[in-house]
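K.L.:
generate a structure from the sequence data that follows.
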Amino acid sequence: MIPYGRQSITDEDIEAVVAVLKSDYLTQGEKVPAFEQGLADYCQVPHVIACSNGTTALHLACAALDLEADDWVWVSAISFVASANCARYCGAQVDFIDVEPETGNLCVAALREKLQRVQGSPRQPKALVAVHLAGQPCDLAEIGALCRQYGVHLIEDACHALGASYQGQPIGSCAHSDMTVFSFHPVKPITTGEGGAVTTRSAALAARLRLYRSHGITREPAQLNVDAPGGWYYEQQVLGFNYRLTDIQAALGASQLRRLPQFIEQRQQLAARYDELLTRLPAQPLRQMDDRRSGYHLYVVQVADRDRVFAQLREAGIGVNVHYMPIPAQPYYRGLGHDPAAYPGAQAYYRQAISLPLYPTLSLAEQDQVVRALESVLCA
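P.N.:
Coordinates of the predicted model:
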């Protein structure tokens, strides 16, 4: 089976992990801060807070904004469920914004109309989680401007988009947002096994993210409520979480980060080759916008009779997948009163979306095998 995604691990990665295993610190040593600094340099952002996975990164971002039960958070209707669940973990209410069927990304017109409709009401959102689906950034300038106009905090869910850029700026720089969230799952642009991070330009948000990441505990003298009676002293100041990344994971991440430009170039070359090979087939790749550069975490095409195509490709040994079912269609969110029919763009996207295998070590022969199998199914 050719999977839709997989990690690329080298001897250098293994040696970096083994070095930590032989060291004095497996966690809370020097490797996590070093990994954070590497990400900060790459993303051109002053603050990076690494954590245990992308979901905890999303939760930390919501917690840092003090989201509560009466607050509303809006989320792109097409994403993995974690993009919405993070707000529910804080007790906040969730609503959704429709997407563009041709990109799967948040629809600016739908966002504008909904903001105008709820302005000044209790349902006006405190935060928006905007997803960069498949690695292509959404319309950050327009979305950011709307969020500033209506006083909405903007969280970029960039779990697909490390290595992408928008109008020449790296995703993660937070040029238009309050925070950006990354995931380092094995199928993502780089991996720490499991892992995540939040980037921000705000020193105040960074301090809250670090506090919530580690039980709500601080030892920093300037942050203590009383003078420390000794070096052992610490204070729990909020109800935080144990969302730390280990030094083992950070060492792997730092090693992978050195190859990120190579990984992105390989993904983009394979995507361009897919574009060329698929021109003769009834399979439409997601529309790519001229003012941004996709990280190509996924290569999604839209096909008729998607369910049949999916089943037959799986039978042929091609590990295709579907990213994603609209979140409002999930039973949990239906139970909260959401109607997937209210998001026609998301439904149109979902009906035809299928993800083809794409990862840096996918060989040209394997890619040809994927295309031949797809042609056999579509043209039967």
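
K.L.:
got the domain ranges for the protein?
P.N.:
Following the assignment in automatic domain parsing, the chain carries domains at 11-257, 260-378.

K.L.:
of all those, which lies closest to Tyr4?
P.N.:
domain 260-378 (4.6 Å; CB to CB). Using the backbone N, CA and C atoms, a C-beta is placed for each residue, glycine as well.

K.L.:
downstream neighbour of the helix or strand harbouring Trp74 in the secondary structure list?
P.N.:
Element membership for Trp74 (DSSP states H and E) is strand 72-76. Following strand 72-76 in sequence order, the next helix or strand is helix 82-89 (DSSP H and E).

K.L.:
mean confidence for the next helix or strand after that next one?
P.N.:
Using DSSP H and E, the helix or strand that directly follows helix 82-89 along the chain is strand 93-97. Averaging pLDDT along strand 93-97 gives 98.

K.L.:
now do strand 93-97 and strand 72-76, the angle between them.
P.N.:
30 degrees (axes from the mean of the first three to the mean of the last three CA atoms, to 10 degrees).

K.L.:
and strand 93-97, what does it pack onto?
P.N.:
strand 72-76, helix 82-89, helix 108-118 (3 or more CB pairs under 8 Å, 6 or more residues apart in numbering; DSSP states H and E).

K.L.:
can you list the residue ranges for strands in the stretch 151-300 of the chain?
P.N.:
For the stretch 151-300 of the chain, applying DSSP state E, counting those that start in this stretch gives strands covering 153-157, 165-166, 169-170, 179-183, 196-200, 217-218, 235-236, 284-285, 292-293, 299-302.

K.L.:
which neighbours does the fourth one have in its sheet, and in what orientation?
P.N.:
Strand 179-183 pairs in its sheet with strand 153-157 (parallel), strand 196-200 (antiparallel), by DSSP bridges.

K.L.:
out of those, nearest to Gln312?
P.N.:
Gln312 lies closest, by CB to CB, to one member of the strands paired with strand 179-183: strand 153-157, at 31.9 Å.

K.L.:
between the domains of the chain, which one is closest to Ile2.
P.N.:
Once the domains of the chain are compared by CB to CB, domain 260-378 is nearest, at 4.9 Å.

K.L.:
mind checking the end-to-end distance for the closest one?
P.N.:
This stretch, domain 260-378, spans 34 Å end to end (CA to CA, to the nearest Å).

K.L.:
please apply the same query to stretch 67-78.
P.N.:
Termini of stretch 67-78 sit 22 Å apart (CA to CA).

K.L.:
ok, how many other residues are close to Arg152?
P.N.:
One correction, residue 152 is Val, not Arg. Residues lying near Val152 (other CB atoms under 10 Å) number 22.
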